[in-house]
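based on what follows, work out the 3D shape:
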Amino acid sequence: MRGRFRLRLQCAVLMIAAAMLPSASQPVAAFEIFGLKLFEGDEAEEIPVTDPLRYTVAIEVVGEVGGEALRERLQSASELAREVEKPVSGSVGLISRANSDFEQLVGALYEDARYGGVVQVFVDGRPLEELPPDTDLSASEPVPVRILVTPGQQFLFGDVRIVAEDGVTREPSLYGLARGEPAGSEVILTAETRLVRELRGGGRPLAEVTGRDVVADHDRGVLDVVLSVSPGPVAAFGITTVEGTKDVNAAFVAKMTGIPIGDTYDPEALDAATRRLRSLDVFSSITVRGRKALAADGSVPVDVAVTERKHRYLGLGATFSSTEGGGLEAYWGHRNLFGRAEKLRLEGSISGLGDTAEVVDLTYKGAILFEKPGVLGPASKFTSSLAIEQENPDAYRRFSVEAKVGVSYELSEKQTVSAGVSVEYAELTDSFDVELETLTVALPLEYVLDRRDDELDPTSGYRLLLALEPTWEALNSSTFLKMRGQASVYRALDDANRFVVAGRIGAGSIVGADLSDVPANRRFFAGGGGSVRGYAYQGIGPRDALNKPTGGLSMLEASGELRFGVTETVGIVPFLDAGLVSSESFWSNGAFQLGAGVGLRYQTPFGPLRIDVAVPLNKQPTDPDFGIYAGIGQAF
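Next comes the predicted model:
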């Protein structure tokens, strides 16, 4: 059976000292990778409970008031119920947890607008309030705990008013405080938050709710509410001060916030500044806020507090493939080379070890990458790289030296444009030329609109990419335009985001040159883990007389997934992929290849681990019987 399996395992070690090595006297600690702990001693990770005491708990709701929704709310609010499988620390621990539960359950009733409800907690048959702190309950283990809840009526909003110092009338219903609607405590708190956010969004940094007068009329079952609001004056941003920097230039940090003096105060500008500073990758913690008091000139100063992270890092990795042999890689980097978050990274990799004895058949790469933020303002970034690479996939053999420079610019939080220049010298062998030298100059242009809620595991939103790459191949005097587009969309089918539908479609076309005039590494290919699963890498599309892939001038791809969360950490993903590669510029003579399969996802703090198993649905003689793919993050 011709299966394809590729599994990658990489570990990275962060270091900072000039010697880049830890002290020999430093103790070895446990190291965790993909949930597996290495170098760990026999000691248990959890702190043992002193004097463990087990208990049982039953929550009873009097009558049918509130229905199942209220029962679930109370069950969720009870720590005794949530942690019933874990023993408490003696009788004192059980009484303490029961007292906490009483407060939480009363709060849950208030959230459901039940201000006349009664919560009674009985421990070992006795009312909680009658138990002395030194009560010994161990003789009754497991100690029975009974919680009796009488919800009472649900209060509705009655007379609701918002009284502001500026005299402006504000309609309470616009903030969710509508007469006749359930008057839950969370509704009131949410309304206050919305009200303050709206005022501050209008340039008033000192806006606050100064008073909350709530009167419950138990006879009528209504809640009368008066909120007193102090809008405060409209103010402009003042000076930005930075604290906590050591090696990073403080003035540069202030500049990168992108908050100019004199602009009207806007909390979204503070949020944008936080995101921008976080993207510099030199801080472990960031706080950006306006001061609670205005300066003498009436402006609101901005305070930035940061904690720097280690700037140097070192990474080592290994790969193994049943079809491509073993591989090694290493990289070293500096996140703050000249004090303004400039990044330098040196990296190298080699693969095919054990699969071939010929150096020319190995795949290797060495690169130097440099990045400088803020070259055209806080929203911009300059990137450059110099790489030497040799690769030997089924479609061609390539040795190349490539230099790239580019600039990206954030139009907004969700939109980015980029432009650059790349120059590549390559020695190629493909189906059209046994040996070919190329000197290719390209001008890549790209636009990205990303409205996903999460980059590694999105459950809602969409992402759109559009790319143009005018290209000139100097040695063979050919010019062409490479165009690509891709869109992906995500939608959760339930409130808990346990069931997510995800779809992706992509297209590409090269115009202006024949297939043989386009360097092989710049043609379109399809197949593999990032494309159509179930097929070999570059396995879909036209082939030559020797049955080797030639690549194409156009490509279409589509994928659909149903992502089911079986538990909080484990998910199952059935999927269907389709792909077409044509030797013509507009998909005229290509045929779709379909692949289907199922994947396993395991949630980790750095994104889901992914393993997909797929089969080709319209298998050709050159296609494998199945494919197995592993990675971090969702497939798209």
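
for the closest residue to Val441 other than its chain neighbours, give me its contacts.
On the basis of Cβ to Cβ, 6 or more residues apart in numbering, the spatially nearest residue to Val441 that is not a chain neighbour turns out to be Trp472, at 4.9 Å. Where you see a C-beta, it was placed from the backbone N, CA and C, and this is true even at glycine. Neighbouring residues of Trp472 by Cβ atoms under 8 Å, 6 or more residues apart in numbering: Thr440, Val441, Ala442, Ser478, Thr479.

what's the farthest-apart pair in those?
Spatially, the most separated pair among the contacts of Trp472 is Ala442 and Ser478, at 12.4 Å (Cβ to Cβ).

show the end-to-end separation of stretch 489-508, please.
19 Å (Cα to Cα, to the nearest Å).

and it, which residues are buried?
Across stretch 489-508, burial judged by 16 or more other Cβ atoms under 10 Å covers Val489, Tyr490, Ala492, Asn497, Arg498, Val500, Ala502, Arg504, Gly506, Ala507, Gly508.

where in the stretch 451-600 of the chain is pLDDT low?
Residues of the stretch 451-600 of the chain that meet the criterion pLDDT under 70 are absent altogether.

just the pLDDT for Thr356.
The per-residue pLDDT reported for Thr356 equals 68.

in this protein, where is pLDDT below threshold?
Across the chain, the stretches falling below the confidence threshold (pLDDT under 70) are 1-47, 66, 319-325, 355-357.

show me it divided up by domain.
According to automatic domain parsing, the chain comprises the domains 52-150, 156-230, 237-308, 444-632.

to Tyr364, which of these lies closest?
Using Cβ to Cβ as the measure, domain 444-632 is the one of these that comes nearest Tyr364, at 15.4 Å.

and the closest one, end to end?
With Cα to Cα applied, domain 444-632 spans 27 Å between its terminal residues.

what's the offset of that domain from the middle of its chain?
What separates the centre of domain 444-632 from the centre of its chain is 20 Å, taken as Cα atoms, centre = their mean, to the nearest Å.

that older thread, need the buried residues of stretch 489-508 in a markdown table (columns: secondary structure and distance to Ile95).
Putting these into a markdown table (DSSP: H, G, I helix; E, B strand; the rest coil; distance: Cβ to Cβ, whole Å) gives the following:
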| residue | secondary structure | distance to Ile95 |
| --- | --- | --- |
| Val489 | strand | 52 |
| Tyr490 | strand | 47 |
| Ala492 | strand | 41 |
| Asn497 | coil | 37 |
| Arg498 | coil | 36 |
| Val500 | strand | 43 |
| Ala502 | strand | 49 |
| Arg504 | strand | 55 |
| Gly506 | strand | 61 |
| Ala507 | strand | 66 |
| Gly508 | strand | 67 |
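
farthest pair in the residues you listed?
Spatially, the most separated pair among the buried residues of stretch 489-508 is Arg498 and Gly508, at 34.3 Å (Cβ to Cβ).

pairing partners for the helix or strand hosting Gly317, with directions?
Taking DSSP states H and E as the criterion, the element that holds Gly317 is strand 312-321. Each strand pairing with strand 312-321, determined using DSSP bridges, is listed with its direction: strand 3-13 (antiparallel), strand 325-334 (antiparallel).
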